[in-house]
Each structure stands twice: as C-alpha cells, then as structure tokens.
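J.: Predicted model and sequence below, questions to follow.
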Amino acid sequence: MQRFNIYILWEITKVFVIALVAFTMIIMLFVLAKELLAQGLGVLAVLQVLPYVLPTSLQFALPATLLFAVCSVYGRISADNEILAMMASGVSPAAFIKPVLVAGFLLSLFAVWLSELAVSWGQPGINRVVMHSIEQVVYGYLSSQGSYSSANGFSIHVHEIGDDGRELLLPTITIPAQGNGNSLDISARSARLKMDPVKEVLLIELEDSQIETGDFLTVNPGPTKYEVPLSDATRKGTAASSAAELPSRGIAQAISSQLQEAARTREELAARAAMGLSAGRYDWLDDATSAGSLGSIAGSRQRLVRLRMEPWRRWASGFCCLFFVWVGIPLAIWMRSADHWTSFGACFLPILFLFFPVFAIGLNHAKDGTWHPIALWLGNLTLLLVGAWWMRKIFRN
C-alpha cells in the first residue's frame, strides 16, 4: 500500500510541477503587463520586478494547478481500474486518499505564507523598483504624451523637450500639498529632473520660475530646486493604503492607530457640540465641520472592518487548496476519465458555480460589516459538503 501511495504522490507531483510552472508564467505575464501599463516601466525595470511578482503569481496558480494534477492522476488510475483493483483486494479508499489530503493541507499553509510574502516582500520590492525608475518613466511619458501625472496629485506638462532629451521647455508643474500646507503650481522657462536614490526624492531643477501657492505668487529668477517624494511621483502611488497591502504585523498596528484616530475625532466632535450648545451656536451641530467629522468616523469604522477581515480572507483563500483537493479526488475517481481536461473540467464545475459565488457573497457581506469575517469560509464550507457527499458515494460503491 505504501508503494501505491508513493506512486500516486509522485505522479501528482510531476503533473503539478509542470502545470505550476506553466500557469505561473502566464499569470506573471498578466501581472507584469498590469504594472507596465499602470506605471510605465521600461524593459530593465520589468526584469527587476520579476522576482517580486513571483509570490503573487504562485498564490493564484497553486489552487488551480493542484486541482488539475489531482484530477489528472486520480482520473487516469481510476480509468485504468487501478483503484478498483486496490479496493477489490480489501484496501479502503481512505488509504490512498489520505496522503494527498495531507499534502493539500501542507500546500494550503504554504499558500497562506505566500500571501504574507506577497505583501511583506513582493509589493514593497515592486514599489522600490518603480520609485528608482521614476526618472526614466517621467521622461518617457513627457516625450510621448507631453504630460505626466500621478495618483497623488503630482503632474508635469511641457511645451516640448530640448535637443538633449533632458531639458523640459516651458513646463507647468503641480506639486501636491505636504502636511497642512498648500499645493504648488509652478511654471518655468525650463526644468530638469533627477532622481536621488539616497533621499528617495525626485529633484526638479528650475530656471526662471514662478511659484503660486494659495494666494501668494513668488518669482524666482535663475535656478531653483524642489524635491518631490518618490511615493508622490509614481503614477499610482506606493503607500500601502488598503488592508490587502499590509503585512499581518502591520494590520494590528493599523487597527490600533485607526481606533485612536476614531476616538480622537469623536472627542473633538463632542467637545465642539458642547461648545456650540453652551454658546447658543446650534448651527455647529450640523455644519460642514461636523459633517466632515461624522464622515471621518464612518470612514474609520469601514476601514476597521476591512482590517479585521483581511487575516480571515488570507487564511480562507490559502486553504481553498485543501478543499479543491477534497472535491477533486472523489469526482475524478467517479468520472474514470484518462483525459486530463475532461476530469479537470468536471471537477471545476462545482468550484465555478458554487465556491466562487458563495465566496463572493461572504466577501461582500464581510466588507460591509454585516457579517462576521468567518463568512469568508463559506465557500470552503460549501466545497467541504459537496466533497463529503461524493466521498460517501465513493466509499459506498
């Protein structure tokens, strides 16, 4: 029996590795194309990004390739009556199913670790490559389109570029506000860009510039320099703003910070309301300032929901590997098809029509805060029930 289990695991491993390499390469191409379009990266930067997109690509490829390998092997040995021969000799199906379920459990743990690696190492690595390529990216957009803008409000528009390919003629530059200050609107006779990798800033060297901030206008004859943080200059930003972009150790800190911010906003709102009532300024209770504070509290509440949901999502998504195997094994045995794609297609149907819709429903309600984050496991629970029914059918027959 042990030799038969080793044989099954070896066959699954061969198919799994080949399929994983192929699926991962396809997904990496899509991820790289997304970064290329979103950030405007050059060929060298794309090559530097390659290792950092690997965890995300593997994370998406693992469940499908594991299901494909399990369906292929169990479907083939069932079609060849190998399973029937083992059962006829008195061997329980559990004996040659359990080792693969254990392997699926271990791969699920690996998938959870991959999701953590993707946000703690992969995404920061992509951000570093993007930031250090910003000078090339900006010049590329200005040469082809005459303008460049980022998600954080930084933008450059030029009349044309000098003969050396570096001098920006008659540029108009907008630098977003830092802290509580105002944004800067700059126009100049010419400008040049340089990236400082040590300070992680984009240095703008201006000639004969006019700077408008708020109600003030400053004229600067001759050279002037301004620094823009690279995180503001990149096209879609590099800050980990959403819960999905935070590592696990950062989620707890973000929850604590969000609770403190919400408490501080409530105290300020309560103090302002008390002052308004004592001074007879009842309009303070529903003016724009109070509405803004209430909106900030609602936003904090929604962000807390997302932060508390995120660990549940990562574990539920990682463990879909195990439940894919749980459904794939009995269905492949029952199908008794030596054709890889036939077995895979039949096993993928309950996942397509049951797992994904139920998971999406649980995810939406968990995001809204109407359901506990444990609802993210409803998709896996559905596969558990479907697989249990098919397992019972295999054992009884």
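T.: Good, I have the coordinates.
J.: all contacts plus neighbour counts: C-alpha atoms, from now on.
T.: Will do.
J.: My read is that residue 220 contacts residue 209, right?
T.: Yes: with contact defined as C-alpha atoms under 8 Å, residue 220 reaches residue 209; the gap is 5.2 Å.
J.: more neighbours, those two?
T.: Ranked by neighbour count (other C-alpha atoms under 10 Å), residue 220 and residue 209 place residue 209 first, with 24 against 14.
J.: Do I have it right that the more buried one meets residue 191?
T.: No: taking contacts as C-alpha under 8 Å, residue 209 lies outside contact range of residue 191: 9.0 Å.
J.: show me where the chain has helices.
T.: Along the chain, counting by DSSP state H, helices occupy 2-39, 43-79, 82-88, 93-117, 123-132, 134-145, 230-233, 248-278, 288-318, 320-335, 340-350, 356-368, 378-396.
J.: Tell me which of the ones you listed lies nearest to residue 153.
T.: Among those, the nearest to residue 153 by C-alpha to C-alpha is helix 230-233 (7.5 Å).
J.: Return the distance of residue 74 relative to residue 106.
T.: Remark: distance between residue 74 and residue 106 (C-alpha to C-alpha, to the nearest Å) = 19 Å.
J.: now swap in residue 367 and tell me
T.: Residue 367 is 28 Å from residue 106, by C-alpha to C-alpha.
J.: Please identify which of the two sits among more neighbours.
T.: For residue 367 and residue 106, the more surrounded residue by other C-alpha under 10 Å is residue 367, and the numbers stand at 22 against 14.
J.: Isn't the more buried one up against residue 305?
T.: Yes: counting by C-alpha under 8 Å, residue 305 is a contact partner of residue 367 at 6.5 Å.
J.: domains of the chain?
T.: Under automatic domain parsing, the residue ranges defining each domain of the chain are 2-133+319-396, 152-233, 243-307.
J.: among the ones you listed, which is the most enclosed?
T.: Stretch with highest mean neighbour count among those: domain 2-133+319-396 (a mean of 19; mean count of other C-alpha atoms under 10 Å).
J.: State the mean pLDDT of stretch 44-53.
T.: Mean per-residue pLDDT for stretch 44-53: 84.
J.: okay, that stretch in PDB with CA atoms only?
T.: Extracted as PDB, the C-alpha positions of stretch 44-53 are listed here (Å, rounded to 0.1, in the frame of the first residue of the first chain):
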ATOM      1  CA  LEU A  44      15.100  46.800 -17.400                       C
ATOM      2  CA  ALA A  45      12.600  47.700 -14.600                       C
ATOM      3  CA  VAL A  46      10.300  44.900 -15.700                       C
ATOM      4  CA  LEU A  47      13.100  42.400 -15.400                       C
ATOM      5  CA  GLN A  48      14.000  43.700 -11.900                       C
ATOM      6  CA  VAL A  49      10.300  43.300 -10.900                       C
ATOM      7  CA  LEU A  50      10.200  39.700 -12.000                       C
ATOM      8  CA  PRO A  51      11.200  38.100  -8.600                       C
ATOM      9  CA  TYR A  52       8.800  40.300  -6.700                       C
ATOM     10  CA  VAL A  53       5.700  39.300  -8.700                       C
END
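J.: what's the worst-scoring helix or strand of the chain on mean pLDDT in contact with?
T.: Ranked by mean pLDDT, DSSP states H and E, the helix or strand of the chain with the weakest confidence is helix 230-233, at a mean of 77. Applying C-alpha atoms under 8 Å, 6 or more residues apart in numbering, the contact partners of helix 230-233 are 131, 134, 149-154, 176, 200-202, 237-239.
J.: again, but for stretch 207-215
T.: 182-191, 217-224.
J.: do the same with stretch 96-105
T.: So stretch 96-105 is contacted by 1, 4-5, 8-9, 319, 321-322, 325-326, 329 (C-alpha under 8 Å, 6+ apart).
J.: Try it again at 6 Å.
T.: With C-alpha atoms under 6 Å, 6 or more residues apart in numbering as the test, stretch 96-105 has contacts from 5, 322.
J.: could you dump that stretch to PDB, C-alpha only?
T.: Provided in PDB are the C-alpha atoms of stretch 96-105 (Å, rounded to 0.1, in the frame of the first residue of the first chain):
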ATOM      1  CA  PHE A  96      -4.900   6.200  -0.900                       C
ATOM      2  CA  ILE A  97      -6.800   9.400  -0.400                       C
ATOM      3  CA  LYS A  98      -5.400  10.500   3.000                       C
ATOM      4  CA  PRO A  99      -1.800  11.200   1.900                       C
ATOM      5  CA  VAL A 100      -2.900  13.500  -0.900                       C
ATOM      6  CA  LEU A 101      -5.200  15.400   1.600                       C
ATOM      7  CA  VAL A 102      -2.300  15.800   3.900                       C
ATOM      8  CA  ALA A 103      -0.200  17.200   1.000                       C
ATOM      9  CA  GLY A 104      -3.100  19.600   0.200                       C
ATOM     10  CA  PHE A 105      -3.200  20.700   3.800                       C
END
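J.: residue ranges with poor pLDDT in this protein?
T.: Applying pLDDT under 70 to the chain flags residues 34-42, 179-181, 235-241.
J.: Tell me how many other residues crowd the closest residue to residue 155 other than its chain neighbours.
T.: Nearest residue to residue 155, sequence neighbours excluded (C-alpha to C-alpha, 6 or more residues apart in numbering): residue 149, at 4.0 Å. A count of nearby residues for residue 149, using other C-alpha under 10 Å, gives 20.
J.: Let me know the distance separating residue 149 from residue 157.
T.: Residue 149 is 9 Å from residue 157, by C-alpha to C-alpha.
J.: Kindly report the same for residue 217.
T.: Distance from residue 217 to residue 157, by C-alpha to C-alpha: 19 Å.
J.: got it, and residue 341?
T.: For residue 341, the distance to residue 157 - C-alpha to C-alpha - is 53 Å.
J.: One more: residue 145?
T.: Taking C-alpha to C-alpha, one finds residue 145 at 9 Å from residue 157.
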